[in-house]
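Colleague: Sequence first, predicted model second:
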There are 2 protein chains.
Amino acid sequence: MTTLKDVALIAGVSRATVSLVCRGSPLVADKTRKKVEAAMQEAGYVYNRNAANLRSSQTNTVGLIIPDISNPVYAELLSGLEEVLDPLGKVVFVADTNELFERQSHFLQRLLEMRVDGLIISTVSGTPTSVLEPYRRENIPLVQVLRMIDGAPFDYAGINNRLGARQAADHLLQLGHRQIAFLGSLISPSVNRERYMGFCDAIERRGFSPASMPMITCRHTYGAAAQAAKTILADSRETTGLVCFNDIIAFGATLGLYELGLSPGYDVSVVGFDDVEAACNWRPPLTTMSIGARQLGKYAATLLAQRMEQPDLPVRTQFSEAKLQVRESSFPPRK
Amino acid sequence: MTTLKDVALIAGVSRATVSLVCRGSPLVADKTRKKVEAAMQEAGYVYNRNAANLRSSQTNTVGLIIPDISNPVYAELLSGLEEVLDPLGKVVFVADTNELFERQSHFLQRLLEMRVDGLIISTVSGTPTSVLEPYRRENIPLVQVLRMIDGAPFDYAGINNRLGARQAADHLLQLGHRQIAFLGSLISPSVNRERYMGFCDAIERRGFSPASMPMITCRHTYGAAAQAAKTILADSRETTGLVCFNDIIAFGATLGLYELGLSPGYDVSVVGFDDVEAACNWRPPLTTMSIGARQLGKYAATLLAQRMEQPDLPVRTQFSEAKLQVRESSFPPRK
DNA sequence: GCAAAAATTTGGATCGATCTAATTTTAAAT
DNA sequence: ATTTAAAATTAGATCGATCCAAATTTTTGC
């Protein structure tokens, strides 16, 4: 195992100088740098980050804890994060909790022990504030995304779910649909509640009764969503619009419609939520509420970066607005 | 920042003993352990992994480099890996190259510097053996999955692509289809070549000419695949079967069929490749070649674990067989 | 109760980098 | 040429754990 010392010996300089070269310091003269780099090459030197981290108490590592890696929203979020953190030399350590509280606790502890410079987290449903307490105590910058723990003293970047869902439902109502249903989530009860409330808001504002509109929850799989859509249409044949908890469920719903021989967008309109990349590639292209996951990731990373700079900034929580993205899965109802 | 020393002071024992407690050593007496644990609690102690790693040259970290996190195959692979590595106390550091060679090089270097205990990698198309050389030199266990670099001196766990694709095509031929097409990948040329050869094999063995069967490549998006399917059906109306490079493309193809007003499985049969979890949830449930991604992940992790134990084991390469999973997207052609 | 064996505990060296403050070298100004 | 300022380099302490061999305590057998 070759170390700084070996390289220093070959290059005929001190360990400190080699260290400076490793870190790309502007302090070393060009000539020396060349010499050292050649020596590194010759020695087959590999930088030891553990040693560096120990001394400098900076790991250039950021943790990301998410509940479901297979949901493309989080992949997009990650890509936004990296766009901001990469140039800062930070590398992102991703942990997928799979919506399990135990796993989340495990990763929280592990990342703490790794001394990440910061943490970005979308908490498992029902997480108490207390599990984040060690981060506050150790003064490790932490940003919540998409899911927020009530009253937790941390920055937050997410969207206004209630308003977004209201707009989604309103879009269908405005197109003339009079019987619409909400296809909700079994996985994320708290967010589901918000979005369902938004759905109800829209209906009430038009003077209709939410109670007359079907609502059904399902897991986030195509099969479950397809089944849910079929159930709704079987129960209330006159339904012409589906407001879905997210795009995954919307995708599944369209599959269910196809299976019934119906034409999504023509016979029954479908609106999703999230606007993942696949939404515009879907057939028919999916009308959905865009949350701008990439952008949100960039914003969350920025919040984190700023808090790393100034730990004493006041806590900031931002709810951005989801934007309606009209595509071909929604049309006025057939006469 | 509290350290072992602080805890030791409170508990009235030596640093070494506290260290043993941290690592769950059976050497310490029960009474002492209790005392130390209480002291840790009281001091709010957080284990410092960087310090530990430096001294012990074991990080209990395994790197995973994959080309596309949004492809569920890799999510399933990861879950298989974790199933084996978690009980060993190893944590997986996932890096998504997004099929970019530069990013791959960057992560390879970074993980080396982090001193991961091992690496599992699905290389970017066209990766030369040389970029893995440092891992051989540093004697870091490395296992390739799904994609193999010719002649690289590392363990490999993957599947027989050519045979798998042959079986996929053969399934359709056996059902009676006489005009079938191959919907290939633009993203992964080497694997695509293998699978296309398998497709041709099946056709030749039946005495037909592969040249008469359409073949078209596309990116891994629903939109691109839907378009490709439509192009094929426009060019050769008599096509009744589609063999797809993977499930994503197969999904897109069925969407294209729906869009044409055709009924996938009934009018045109579709076969995928991978058998991701969504395949059985698709509508119609997708006939596909199962590669058992989870199982493959478990196997790759086992290879890695074994090599960690015994670095001098001979190199092992295993090509398992993809298994045909017949579902409703394939039927005999209509008369 | 005592010697021998087994079980626990421990001090001090060590891992490989960074930090600090001081020293040496080079360049600029007189 | 000499002084001064700026640039580049460096020695030695340090980060917080683990390792090792030795010291201590407890248990066992007779």
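Modeller: Okay, I see it. Numbering: from 1, shown residues only, chains lettered A, B, ... in the order given.
Colleague: who in chain A is up against DNA strand D?
Modeller: A:12-17, A:20, A:26-29, A:31-32, A:51, A:54-55, A:57 (Cβ under 7 Å from any atom of the strand). (Each C-beta comes from the backbone N, C-alpha and C, glycine too.)
Colleague: Could you tell me which of those are located in helices?
Modeller: Among those, the members falling in helices (DSSP state H) are A:15-17, A:20, A:31-32, A:51, A:54-55.
Colleague: which of those tops the neighbour count?
Modeller: Within those, A:Thr17 tops the neighbour count with 22 neighbours, counted by other Cβ atoms under 10 Å in any protein chain shown.
Colleague: Show the pLDDT at it.
Modeller: Per-residue pLDDT puts A:Thr17 at 97.
Colleague: Wait, it touches A:Ser25, no?
Modeller: No - with contact defined as Cβ atoms under 8 Å, A:Thr17 does not count as touching A:Ser25 (9.3 Å).
Colleague: re the thing from before, and the residues of chain A next to DNA strand D near DNA strand C, which?
Modeller: Okay, of the residues of chain A next to DNA strand D touching DNA strand C (Cβ under 7 Å from any atom of the strand), that's A:15-16, A:51, A:54-55.
Colleague: What residues of stretch A:196-211 count as buried?
Modeller: For stretch A:196-211, the buried set under the neighbour-count rule, 16 or more other Cβ atoms under 10 Å in any protein chain shown, comprises A:196, A:198-203, A:208, A:210.
Colleague: Ok, stretch A:130-140 next?
Modeller: Here stretch A:130-140 shows A:131-132, A:135, A:140 as buried, counting by 16+ other Cβ under 10 Å.
Colleague: out of those, which one sits closest to DNA strand C?
Modeller: When those are compared for distance to DNA strand C (Cβ to the nearest atom of the strand), A:Ile140 comes out closest, at 17.5 Å.
Colleague: so which of the buried residues of stretch A:196-211 comes closest to B:Asp274?
Modeller: B:Asp274 has its nearest neighbour among the buried residues of stretch A:196-211 in A:Tyr196, at 34.8 Å by Cβ to Cβ.
Colleague: contacting residues for that closest one?
Modeller: By Cβ atoms under 8 Å, 6 or more residues apart in numbering or on different chains, the contact set of A:Tyr196 is A:165, A:182, A:184, A:215.
Colleague: Spell out which helix or strand contains it, please.
Modeller: Element membership for A:Tyr196, per DSSP states H and E: helix A:189-205.
Colleague: can you list the residues of chain A near DNA strand C?
Modeller: Counting by Cβ under 7 Å from any atom of the strand, the residues of chain A near DNA strand C are A:1, A:3-5, A:15-16, A:19, A:22-23, A:45-48, A:51-52, A:54-56, A:58.
Colleague: related to what we said a few turns ago, now the contacts of A:Tyr196 as CSV including secondary structure and distance to B:Glu238?
Modeller: As requested, the contacts of A:Tyr196 are exported to CSV (DSSP: H, G, I helix; E, B strand; the rest coil; distance: Cβ to Cβ, whole Å):
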residue, secondary structure, distance to B:Glu238
A:Ala165, helix, 47
A:Phe182, strand, 44
A:Gly184, strand, 44
A:Met215, strand, 46
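Colleague: What about these, which one has the most neighbours?
Modeller: A:Ala165 (30 neighbours).
Colleague: Quick one, grab the pLDDT at the residue in the stretch 151-300 of chain A positioned nearest to DNA strand C.
Modeller: Residue nearest to DNA strand C within the stretch 151-300 of chain A: A:Asp155 (25.6 Å; Cβ to the nearest atom of the strand). pLDDT recorded at A:Asp155 is 98.
Colleague: tell me the phi and psi of it?
Modeller: With angles defined as degrees, to the nearest 10, A:Asp155 sits at phi -60, psi 150.
Colleague: Tell me the spacing between it and A:Gly80.
Modeller: A:Asp155 sits 16 Å away from A:Gly80 when distances are taken as Cβ to Cβ, to the nearest Å.
Colleague: For DNA strand D, give me its nearest residue in the stretch 201-335 of chain A.
Modeller: Counting by Cβ to the nearest atom of the strand, the stretch 201-335 of chain A gets nearest to DNA strand D through A:Pro311 (17.8 Å).
Colleague: quick check, that residue in a strand?
Modeller: No - assignment of A:Pro311 by DSSP: H, G, I helix; E, B strand; the rest coil gives coil, placing it outside any strand.
Colleague: residue boundaries of the strands in chain A?
Modeller: Under the criterion DSSP state E, chain A carries strands at the ranges A:61-66, A:91-96, A:118-121, A:142-145, A:155-159, A:180-185, A:215-218, A:241-244, A:269-274, A:287-290, A:317-320, A:323-325.
Colleague: How about A:Gln104, nearest residue that isn't a chain neighbour?
Modeller: Excluding its sequence neighbours, the residue lying closest to A:Gln104 (Cβ to Cβ, 6 or more residues apart in numbering or on different chains) is A:Thr97, at 4.3 Å.
Colleague: got a list of what the one you found touches?
Modeller: Residues near A:Thr97 by Cβ under 8 Å, 6+ apart: A:65-67, A:103-104, A:107, A:124.
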